[in-house]
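> After the sequence you'll find the predicted model.
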Amino acid sequence: MNVKQLIVWILAVFFLGDSILRTLRSNFNFGMLLMYLITAGLWIYALFHRQIDVFCATGLGRGLKILFFCGMGLFAVLLAFVTISGYTDPPDGNEKAIVVLGAGLRKDVPSDLLKRRLEKAYEYYQEHPDLLVVVTGGQGNGETIPEGVAMARYLIDKGIPQEQIIIEDKSTSTEENLLFAAQLLEQRGISQSEPIVVVSNAFHCYRARQYAQMVGFSDVDTLAASISFSSVMPCYFREVFAVLYYWVFKSSRSGWMLPFVGIF
């Protein structure tokens, strides 16, 4: 066994264990599907590397190998873009409202990603206590209450007055989070031309800002929350495809993924 084969086997075993743990601990989503596919690819290559290497040495196989590595290069560039873009438009303190995007519950308890968004929003609210806080998210699979309701409870327990919180509890996507938030803010006298800050995890901030502008907000900053180490790969890998999908279809309410919005 040479060094390349040893590395592939180590990665295959690591990703298999990682996939099993994710299956036991997390709800299924597109990020998890990508991790499963990577695991399957590593095991296929580990078991059949001789046949694959022979096939890829000439002809069609060589062409497919070149395409694969070109795709990996493009993926790496997009991954760098997603990583950097989350920090390019921080808030300046002049906002009228904070909009916190939903990120899933475990029954009625915010997921780790969502807790980090809520903690970041609370931290910013403490510095700017006059801001309205909009919490967004409907009820998804495996959730016993709408995300917006659970988020409001979390922030009220932290000390934010209930009258400062606006609950949006019908949305099923980031785009709807922001569209419905705009309507609720309008009812409270904050127009779409006034500045807001959208809170999400760093990998998600680029699309959050783009969707906010799409639904009518003209002055949008983003506040990047942290992410756990175990969530980095599925979240960032998933976001690469989400950004590509956004660039092609623009709206989450169009394109072939429409039936899966709220699931993936």
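Sure thing, it's come through.
> Next, F14: secondary structure please.
helix (DSSP: H, G, I helix; E, B strand; the rest coil).
> and the gap between it and L42?
Distance, F14 to L42, using C-beta to C-beta, to the nearest Å: 9 Å. C-beta: built from backbone N, CA, C; applies to glycine.
> who's more crowded, the two?
L42 (19 against 12; other C-beta atoms under 10 Å).
> all strands in the stretch 1-150 of the chain, in order from the N-terminus.
Counting by DSSP state E, counting those that start in this stretch, the stretch 1-150 of the chain has strands at residues 97-100, 105-106, 109-110, 132-136.
> Comparing those strands, which yields the minimum mean pLDDT?
Mean pLDDT is lowest for strand 105-106 out of the strands of the stretch 1-150 of the chain, coming in at a mean of 88.
> T136 bridge partners, please.
Taking DSSP bridges as the rule, T136 bridges to E168.
> what's near enough to touch it?
T136 makes contact with 99-102, 147-148, 151, 168, 171, 177-178, 180-181 under the criterion C-beta atoms under 8 Å, 6 or more residues apart in numbering.
> Just give me the closest of those to V77.
Of all the contacts of T136, the one sitting nearest V77 is L101; the distance, using C-beta to C-beta, is 25.6 Å.
> That closest one against K120, yeah?
No - under the criterion of C-beta atoms under 8 Å, L101 is not in contact with K120, lying 11.1 Å apart.
> More neighbours: the two, which one.
Each of L101 and K120 has its neighbours counted (other C-beta under 10 Å); L101 has more, 32 against 19.
> Return the residues in contact with the more buried one.
R117, T136, G137, T174, N177, L178, V198, V199, S200, H204, A208.
> how would you label the residue nearest the centre of the chain: helix, strand or coil?
By C-alpha atoms, centre = their mean, the mean C-alpha position of the chain lies nearest to H204, the distance being 4.7 Å. Under three-state DSSP, H204 falls in the helix class.
> Give me the neighbour count for I20.
I20, neighbours per other C-beta under 10 Å, totals 11.
> show me where the stretch 151-264 of the chain has strands.
165-168, 196-201, 220-225.
> Comparing the strands of the stretch 1-150 of the chain, which comes out most buried?
Burial of these is given as mean neighbour count (mean count of other C-beta atoms under 10 Å); strand 97-100 ranks first at a mean of 28.
> Now list whatever residues contact both of L101 and K120.
V199.
> Type out the ChimeraX command that picks the buried ones from the contacts of T136.
ChimeraX command restricting the contacts of T136 to the buried ones, with burial defined by 16 or more other C-beta atoms under 10 Å:
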select :99,100,101,102,147,148,151,168,171,177,178,180,181
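> now the strands of the stretch 151-264 of the chain in CSV, with distance to F249?
As requested, those are exported to CSV (distance: least, C-beta to C-beta, whole Å):
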stretch, distance to F249
strand 165-168, 23
strand 196-201, 20
strand 220-225, 21
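> Quick check: which of those strands is buried the most?
For those, the highest mean count by mean count of other C-beta under 10 Å goes to strand 196-201, at a mean of 28.
> State the mean pLDDT of that strand.
Computed over strand 196-201, the average pLDDT equals 97.
> rewinding a little: between the contacts of T136, which sits nearest G86?
L101 (12.9 Å).
> per-residue pLDDT, that closest one?
97.
> now S252
66.
> Which parts of this protein are helices?
Counting by DSSP state H, residue ranges of the helices within the chain are 3-25, 30-55, 59-85, 112-127, 147-158, 174-187, 205-214, 232-249.
> Rebuild these as CSV, extending it with mean pLDDT and distance to A224.
Conversion of these to CSV gives the following (pLDDT from 0 to 100; distance: least, C-beta to C-beta, whole Å):
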stretch, mean pLDDT, distance to A224
helix 3-25, 90, 23
helix 30-55, 93, 18
helix 59-85, 95, 10
helix 112-127, 96, 8
helix 147-158, 96, 18
helix 174-187, 95, 15
helix 205-214, 95, 5
helix 232-249, 92, 13
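> Which among those is found nearest to G93?
helix 112-127 (7.5 Å).
> what helices or strands is the closest one leaning on?
Helix 112-127 is packed against strand 97-100, helix 147-158, strand 196-201, strand 220-225, with contacts defined by 3 or more C-beta pairs under 8 Å, 6 or more residues apart in numbering; DSSP states H and E.
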